[in-house]
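A.B. asks: generate a structure from the sequence data that follows.
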Amino acid sequence: MDSTGTPEPKTNSLQPGGTVLLEELLEDSPRTDFLDPQLVIFNLLAGIVALFGLFLNNVAVIIGAMVISPLLEPIYAGTVFLANGAFRKFLQHMRVVLVLVFLLIIASAAITWVLSIFLPLAITPEISSRLIQQEISAILAVLLGITAIFAHKRGFVSSVTGIGIAVALVPPAVVTGIIIVLLPTRLFDALSLTLNNIFGLYAGMLIAILALGAGPRSELKKKLTRKNVYIMLACVAGLLMIIGLSIAVLRSRV
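C.D. replies: Now for the predicted structure:
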């Protein structure tokens, strides 16, 4: 309200030139900077469903695992905090992502080892497909990272779910656990795909945030601070370089 008690008109978050205030994205970011039981349970359930879908070579079951996976949210929230210069919050979210992925790998390896005692397990086409096509997967992850920011910005929850389905963060992590037991010589292939998808999402989201003009602003010009732009560009370049190096290493092993 103003001094006369009259309600002030709602300010449009779109600033001149089409820039978007980062606070708007922060309002939508979930609390995924710590591990709570519900997050861990959802993660493990998604992994178990994906594991059986991979061994059954059943795409529908694998898609079901992607829908219930919580992995996309801490990646999104962490990226938004990174763009805002809150590096500690970013590291907290990244730690959650890495722990959840590690739990998926360990749980998948343990379940695969137990099942292998009683059943003959085979490398199905759905499993083997996640050991190849690294370049396409990396490009797709970057594009989906860009889409995730715009989907959150516009409130398209179904679109974000679709991103989680398409980028397939859970199946590659589960395949990594399976490969540890059944085909350890291909461990690096499976693990690199998992990490490349994660890094690609981070890079794509940072690109989208830069495109939206979201980030800490200087008080005088109301523009993104040059330092923050440089930091985000450096992060994007570093992530893409890591992805490129891992793909190059895989090519040299073929």
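A.B. asks: test my guess that residue 73 contacts residue 31.
C.D. replies: No - when contacts are counted by C-beta atoms under 8 Å, residue 73 is not listed as touching residue 31 (9.3 Å). Backbone N, C-alpha and C define where each C-beta goes, glycine included.
A.B. asks: more neighbours: these two, which one.
C.D. replies: Taking other C-beta atoms under 10 Å, residue 73 and residue 31 do not tie; residue 73 has more neighbours (21 against 11).
A.B. asks: so where is the stretch 151-254 of the chain shaky, pLDDT-wise?
C.D. replies: 155-168, 214-229, 247, 249-254 (pLDDT under 70).
A.B. asks: for the chain, which helix extends over the most residues?
C.D. replies: Longest helix of the chain, by residue count under DSSP state H: helix 87-118.
A.B. asks: next secondary structure element downstream of that one?
C.D. replies: Counting by DSSP states H and E, the element after helix 87-118 in chain order, helix or strand, is helix 125-128.
A.B. asks: can I get the CA coordinates of that following helix in CSV?
C.D. replies: The C-alpha coordinates for helix 125-128 follow below in CSV (Å, rounded to 0.1, in the frame of the first residue of the first chain):
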residue,chain,number,x,y,z
PRO,A,125,18.8,-53.4,-25.0
GLU,A,126,17.5,-50.8,-22.6
ILE,A,127,20.7,-51.2,-20.5
SER,A,128,23.1,-51.3,-23.4
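A.B. asks: which strands and helices lie in contact with it?
C.D. replies: helix 37-56, helix 170-182 (3 or more C-beta pairs under 8 Å, 6 or more residues apart in numbering; DSSP states H and E).
A.B. asks: ok, which of those comes nearest residue 82?
C.D. replies: helix 37-56 (20.0 Å; C-beta to C-beta).
A.B. asks: going by contacts, tell me the helices and strands next to that closest one.
C.D. replies: Under the contact rule (3+ C-beta pairs under 8 Å, 6+ apart), helix 37-56 is packed against helix 59-68, helix 87-118, helix 125-128, helix 170-182.
A.B. asks: how far out from the middle of the chain is the first one?
C.D. replies: It stands for helix 59-68. Centroid displacement of helix 59-68 relative to its chain, using C-alpha atoms, centre = their mean, to the nearest Å, is 16 Å.
A.B. asks: how many residues are close by the residue lying closest to residue 62 once chain neighbours are set aside?
C.D. replies: In this structure, residue 62 finds its nearest non-sequential neighbour in residue 53, 3.9 Å apart by C-beta to C-beta, 6 or more residues apart in numbering. When neighbours are defined as other C-beta under 10 Å, residue 53 has 23 of them.
A.B. asks: tell me how far residue 53 lies from residue 184.
C.D. replies: Between residue 53 and residue 184 the computed distance is 22 Å (C-beta to C-beta, to the nearest Å).
A.B. asks: these two touch, right, residue 121 and residue 127?
C.D. replies: No - Residue 121 lies out of contact with residue 127 (C-beta under 8 Å); the separation is 9.7 Å.
A.B. asks: can you pull the contacts of the closest residue to residue 42 other than its chain neighbours?
C.D. replies: Leaving aside its chain neighbours, residue 42 sits nearest to residue 70 (4.8 Å; criterion: C-beta to C-beta, 6+ apart). Neighbouring residues of residue 70 by C-beta atoms under 8 Å, 6 or more residues apart in numbering: 32, 39, 42-43, 46, 100.
A.B. asks: show me what counts as buried in the longest helix of the chain.
C.D. replies: By 16 or more other C-beta atoms under 10 Å, the buried positions in helix 87-118 come out as 89-90, 92-94, 96-97, 100-101, 103-105, 107-109, 111-112, 115.
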